[in-house]
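Trainee: Can you look at this prediction? I've put the sequence above it.
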Amino acid sequence: MKQQLFEIQSNEQIAKSVYRMQLGGDTTGILPGQFVNIRVQGQFLRRPISVCNITDGILTIIYKVVGVGTEAMSHLPIGTQLDVLTVLGNGYDLSKAGDAPLLVGGGVGVPPMYMLARQLREAGKKVRVILGFNTKDEVFYEEEFRALGCDVTVTTVDGSHGVKGFVTNALDGQQSYYYTCGPLPMIKALIQAAGTHGEVSMEERMGCGFGACMGCTIQTTKGPKRVCKEGPVFAASELLL
């Protein structure tokens, strides 16, 4: 874990209630699937946000406005300095990807898939991506994944964009291994339908974000584990869902 100041380089809305923030600072050691914890002025608890991408000292995060803290973040101007904890949690294991990994992101579970996809593509993997949303106005990063050379399918529950239905409606059974992040119902359905091994990034309310408070503990086949410390990425096979 590192605590340091990052400076906002950009902060823009990219979909309904969804914002992308780029922060300049020391990004050393940050891996796909890890998260950062941001102090927001006037708020007692930091805001844990998954890492979307790292390029040339720029940390990109994507967050959804769901409460007072993220609402305040959406109004922060360029140049604002933020107190950020980085290199938090355990990320995805790229060595298990095989030749044709499947990446599945649902809603605000999409961002950590991007850095993972980029590194898998750089390693020469054939990457298929399924992005799930409720409706067209919530869709983001479809073209960014395509620009990496990924095979991208978008699903929307109401059918307003892409395949109508859920991410499981877009499965084709060709994946060698899967990685996913998203809401719990999506994760449960994917684990049941995927037919292969994979890794899941769990979303859980956090207090400290580095393992001290035990507030994000979940039960696994290997006993209780903290999402912020032993996770957020777990083998799908060890989750009790």
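Mentor: Arrived safely. Numbers count the residues shown, from 1 in each chain.
Trainee: Could you list the domains of this structure?
Mentor: According to automatic domain parsing, the chain comprises the domains 2-88, 94-201.
Trainee: which residues touch the longest strand along the chain?
Mentor: Longest strand of the chain, by residue count under DSSP state E: strand 2-15. Identification of contacts with strand 2-15 by C-beta atoms under 8 Å, 6 or more residues apart in numbering yields 19-26, 29, 58-59, 62, 73-74, 76-87, 137-141. In this view, the C-beta of every residue, glycine as well, is placed from N, C-alpha and C.
Trainee: Name the SS class of Glu204, please.
Mentor: Secondary structure, DSSP: H, G, I helix; E, B strand; the rest coil: Glu204 is coil.
Trainee: Can you check the pLDDT for it?
Mentor: Looking at Glu204, its pLDDT is 83.
Trainee: Tell me how many other residues surround it.
Mentor: Per other C-beta atoms under 10 Å, the neighbour tally for Glu204 reads 15.
Trainee: And Asp151, how close does it get to Pro101?
Mentor: Distance, Asp151 to Pro101, by C-beta to C-beta, to the nearest Å: 11 Å.
Trainee: and if you look at Lys188?
Mentor: 20 Å.
Trainee: Comparing those two, which shows the higher neighbour count?
Mentor: Neighbour tally, Lys188 and Pro101, criterion other C-beta under 10 Å: the higher count belongs to Pro101, 25 against 13.
Trainee: Identify the residues contacting that one.
Mentor: For Pro101, the contact set (C-beta under 8 Å, 6+ apart) comprises 120, 125, 127-128, 175-179.
Trainee: Filter the residues you listed down to just the ones in helices.
Mentor: Using DSSP state H, the subset of the contacts of Pro101 located in helices is Leu120.
Trainee: so which of the contacts of Pro101 comes closest to Arg146?
Mentor: Val127 (11.0 Å; C-beta to C-beta).
Trainee: what's around the closest one, how many residues?
Mentor: 24.
Trainee: what's the answer for Ala123, then?
Mentor: 11.
Trainee: cool, Val36 as well?
Mentor: Counted with other C-beta under 10 Å, Val36 comes out at 25.
Trainee: pretty sure it belongs to a strand, no?
Mentor: Yes - Val36: assigned to a strand according to three-state DSSP.
Trainee: picking that back up, who wins for most neighbours among the contacts of Pro101?
Mentor: Neighbour-wise, the contacts of Pro101 (other C-beta under 10 Å) top out at Tyr179, 30 neighbours.
Trainee: Which strand residues bridge it?
Mentor: Bridge pairing for Tyr179 (DSSP bridges) gives the partners Leu103, Glu199.
Trainee: my guess is it meets Met115, correct?
Mentor: No - in this structure Tyr179 lies outside contact range of Met115 using C-beta atoms under 8 Å: 11.2 Å.
Trainee: picking up where we left off before, name the residues of the longest strand of the chain that come out as buried.
Mentor: 6, 8-9, 11, 15 (16 or more other C-beta atoms under 10 Å).
Trainee: Run a quick neighbour tally on Ala147.
Mentor: Quick note: Ala147 (other C-beta under 10 Å) scores 11 neighbours.
Trainee: could you point out which element follows the longest strand of the chain?
Mentor: strand 18-24 (DSSP states H and E).
Trainee: other SSEs contacting that following strand?
Mentor: Using 3 or more C-beta pairs under 8 Å, 6 or more residues apart in numbering; DSSP states H and E as the contact test, the elements touching strand 18-24 are strand 2-15, strand 58-64, helix 68-74.
Trainee: Alpha carbons only: can I get that strand in CSV?
Mentor: Only the C-alpha atoms of strand 18-24 are listed here, as CSV (Å, rounded to 0.1, in the frame of the first residue of the first chain):
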residue,chain,number,x,y,z
VAL,A,18,-20.8,7.6,-14.9
TYR,A,19,-17.6,9.6,-14.9
ARG,A,20,-14.0,9.1,-15.9
MET,A,21,-11.2,10.7,-13.9
GLN,A,22,-7.5,10.8,-14.9
LEU,A,23,-5.0,11.4,-12.1
GLY,A,24,-1.3,12.2,-12.4
